[in-house]
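Student: quick one: sequence and predicted model below, then my questions.
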Amino acid sequence: MRRIPLTVIVLILLFPMAARPEQQDAQATVQAHVNNVLKVLRNPALKGEKGEKEKKAEIMAEAEKLFDFVELSKRTLGLDWNRFSLDRRKEFVNLYKALLLDTYVDRITAYTNEKVEFTNTVPLSRNTVEVRSEVITQSGLTPIDYRAMNESSQWKVYDVVIEGVSLIGNYRSQFREILINQSPQGLLDTLRKRAGGRS
């Protein structure tokens, strides 16, 4: 039996293998959506109060295509998801989606005039990957990583990690603290009040 040279083993361990086609598809999907959002942000025609509303609506429409809000909700609530009835799950997904979209729009609009580069895609499990990107600013690089899942041959994002902080991880800790002392209905009431405060 032919032995593999030690140098070959070292190279395999040190350097990642070429991305599989499905990983490349994930990066292409995320990159296309992000580029569409940046086009909207940089559109000189979308100015003034009316333009800002249209800009936000277009970004939200693009985000709707990119994110899997049901998966986001399940991962954020974790085991607490089982405490919610079907109707309350639907309401939670809708309220949480509105909160996430506002957060995403607020964060992404901060990079209107910056350059975004997609660096690589790293497999996390059999059907999940992390698409890594960097926002190049005057002060340095800001990493934004998109965690995506492949379902029915379609890639959808279930988490965004901005500067090392997970979007769902951040909300998970907040919601868990509420659910320690309150019922699922209590969390829904809290989210409804937040939504009312933003309108």
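Tutor: Now that the structure is in, tell me what you want to look at.

Student: all helices for the protein, in order.
Tutor: 6-14, 21-41, 48-66, 69-77, 86-108, 167-181, 184-198 (DSSP state H).

Student: number of nearby residues for Thr190?
Tutor: Neighbours of Thr190 under the rule other C-beta atoms under 10 Å: 15. In short, each C-beta sits where N, CA and C put it, glycine included.

Student: OK, contacts around it?
Tutor: Ile178, Gln182 (C-beta atoms under 8 Å, 6 or more residues apart in numbering).

Student: what about 7 Å?
Tutor: Counting by C-beta atoms under 7 Å, 6 or more residues apart in numbering, Thr190 makes contact with Ile178.

Student: quick one: stretch 187-199 to chain centroid distance?
Tutor: 21 Å (C-alpha atoms, centre = their mean, to the nearest Å).

Student: pLDDT of it, averaged?
Tutor: Across stretch 187-199, the average pLDDT comes to 81.

Student: state which strand of this protein is the longest.
Tutor: Assignment by DSSP state E gives strand 140-151 as the longest strand of the chain.

Student: for it, buried residues please.
Tutor: Judged by neighbour count (16 or more other C-beta atoms under 10 Å), strand 140-151 contains these buried residues: Thr142, Ile144, Asp145, Tyr146, Arg147, Ala148, Met149, Asn150.

Student: the inter-axis angle of it versus helix 21-41?
Tutor: Per axes from the mean of the first three to the mean of the last three C-alpha atoms, to 10 degrees, the angle that strand 140-151 makes with helix 21-41 is 120 degrees.

Student: tell me the strands beside strand 140-151, with direction?
Tutor: Using DSSP bridges, the strands paired with strand 140-151 in its sheet are strand 128-137 (antiparallel), strand 154-162 (antiparallel).

Student: give me the neighbour count for Ser125.
Tutor: Neighbours of Ser125 (other C-beta under 10 Å): 7.

Student: how much space separates it from Arg194?
Tutor: With distances taken as C-beta to C-beta, to the nearest Å, Ser125 is found 32 Å from Arg194.

Student: now swap in Asn82 and tell me
Tutor: 23 Å.

Student: between the two, who's got more neighbours?
Tutor: Taking neighbours as other C-beta under 10 Å, Asn82 and Arg194 compare with Arg194 leading, 13 against 9.

Student: does that one touch Asp102 like I think?
Tutor: No: Arg194 is not in contact with Asp102 according to C-beta atoms under 7 Å; the separation is 9.2 Å.

Student: lovely, talk soon.
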